[in-house]
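K.L.:
Mind folding the following:
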Amino acid sequence: MKFVIQRVNHASVAVDGQVIGAINKGFLVFIGISNTDTKEIADKMVKKLIGLRIFDDSEGKTNLDLKTVDGSLLLVSQFTLYADCKKGYRPSFINAGAPEMANALYEYIIDECKKEIPDLQTGSFGADMKISLENDGPFTIILDSAEITGPTIR
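P.N.:
The predicted model follows:
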């Protein structure tokens with residue numbers, strides 16, 4: 001599982017010219033799900049996402065988490081995070097999760113995040129989406145479940 005997290009001042013997602021989700025200060029999170037991902041992996045990723053302390057405190061240090069700053073979440077599924085570009089110039093997406101399984105895990109992630117962050121918006125799984133954002137910093141972090149293992153997550 002991969003999360004590309006962008007700290008934003010505002011972000012929105014549109015489908016067919018209609019905005020379906022928009023936030024102000026918070027995280028825009030692109031979510032990639034592989035064929036080997038599970039709810040247990042999702043739980044670890046969500047815990048890490050919600051706990052990230054990447055907002056400035058009163059001294060300008062990145063020391064505050066999303067809840068502390070009353071931030072919002074915009075979650076967008078993005079299977080292209082599992083693009084394999086090793087051969088040729090056309091990416092392969094063989095490692096991306098099968099749509100039915102990936103959508104179920106995406107919905108699970110949404111439900112788990114809502115338990116912690118009530119101001120949560122989403123994209124539309126499988127849709128052709130247009131994303132607009134103002135990155136704050138810029139500040140972008142990539143969380144990869146392959147690098148987040150075991151009981152070391154706090």
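K.L.:
Isn't residue 83 up against residue 91?
P.N.:
Yes: applying CB atoms under 8 Å, one finds residue 83 in contact with residue 91, separated by 3.8 Å. Glycine gets a C-beta too; all of them are placed from N, C-alpha and C.
K.L.:
which residues of this structure fall in strands?
P.N.:
For the chain, applying DSSP state E gives strands covering 2-15, 18-23, 26-32, 55-56, 62-64, 72-77, 120-122, 129-144.
K.L.:
Give the buried residues for stretch 15-29.
P.N.:
Across stretch 15-29, burial judged by 16 or more other CB atoms under 10 Å covers 21, 23, 25-29.
K.L.:
on that earlier part again, which of residue 83 and residue 91 has more neighbours?
P.N.:
residue 83 (16 against 13; other CB atoms under 10 Å).
K.L.:
From residue 36, how far out is the more buried one?
P.N.:
According to CB to CB, to the nearest Å, residue 83 stands 16 Å off from residue 36.
K.L.:
hmm, back to that, need the strands of the chain in CSV (columns: distance to residue 46 and mean pLDDT).
P.N.:
Putting those into CSV (distance: least, CB to CB, whole Å; pLDDT from 0 to 100) gives the following:
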stretch, distance to residue 46, mean pLDDT
strand 2-15, 9, 98
strand 18-23, 17, 98
strand 26-32, 10, 98
strand 55-56, 18, 96
strand 62-64, 18, 95
strand 72-77, 10, 98
strand 120-122, 11, 98
strand 129-144, 10, 96
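K.L.:
Reformat those strands as CSV; add distance to residue 48.
P.N.:
Listed next are the strands of the chain as CSV, based on distance: least, CB to CB, whole Å:
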stretch, distance to residue 48
strand 2-15, 8
strand 18-23, 20
strand 26-32, 11
strand 55-56, 15
strand 62-64, 15
strand 72-77, 14
strand 120-122, 17
strand 129-144, 6
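K.L.:
who wins for proximity to residue 114 among the ones you listed?
P.N.:
Across the strands of the chain, residue 114 has its closest neighbour in strand 120-122 (5.2 Å, CB to CB).
K.L.:
Scan the protein for its longest helix.
P.N.:
As assigned by DSSP state H, the longest helix anywhere in the chain is helix 99-114.
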